[in-house]
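**Student:** sharing a model that was predicted from the sequence below.
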Amino acid sequence: MLEKSILRVPDVCKLLSISQPSLFRWRRIGIFPQPVKYGPNTVGWERQTVEDWLKAKKSAGQAAQ
């Protein structure tokens, strides 16, 4: 059985080429999915969730052209 890959804040920022404040702002205004809480001080996103979000954004951008 494959374990789900979890991306933490620095990983997501690097993947999206954005700063942490941008990621936090995107979360606050609803542009980016909310993270999953894994512990009292630990949040992250499943890699598949981030990849699906990227695909949807890319598809939306191509449809608008």
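**Tutor:** Structure received.

**Student:** which ones are touching the residue nearest in space to the middle of the chain?
**Tutor:** By CA atoms, centre = their mean, the chain has its centre lying nearest to Val50, at 4.2 Å. Contact partners of Val50, counting by CB atoms under 8 Å, 6 or more residues apart in numbering, are Leu7, Val12, Leu15, Leu16, Pro33. C-betas here are computed from N, CA, C, even on glycine.

**Student:** same check on Ser22?
**Tutor:** Contacts of Ser22 by CB under 8 Å, 6+ apart are Cys13.

**Student:** now do stretch 47-62, average pLDDT.
**Tutor:** The average of the pLDDT scores along stretch 47-62 is 90.

**Student:** name the residues of that stretch that are buried.
**Tutor:** Going by neighbour count (16 or more other CB atoms under 10 Å), the buried part of stretch 47-62 is Thr49, Val50, Trp53.

**Student:** quick check, the first one in contact with Pro33.
**Tutor:** Put plainly, it is Thr49. Yes. Taking contacts as CB atoms under 8 Å, Thr49 lies within contact range of Pro33: 5.7 Å.

**Student:** any idea which element the closest residue to Gln48 other than its chain neighbours lies in?
**Tutor:** The spatially closest residue to Gln48, leaving aside those adjacent along the chain, is Lys4, at 7.4 Å (CB to CB, 6 or more residues apart in numbering). Using DSSP states H and E, Lys4 sits within no helix or strand.

**Student:** just to revisit the earlier point, which of the contacts of Val50 fall in strands?
**Tutor:** Taking DSSP state E as the definition of strands, the contacts of Val50 contribute Leu7.

**Student:** highest neighbour count among the contacts of Val50?
**Tutor:** Within these, most neighbours by other CB atoms under 10 Å means Val12, with 22 neighbours.

**Student:** quick check: it vs Lys57, distance?
**Tutor:** Taking CB to CB, to the nearest Å as the measure, Val12 falls 14 Å from Lys57.
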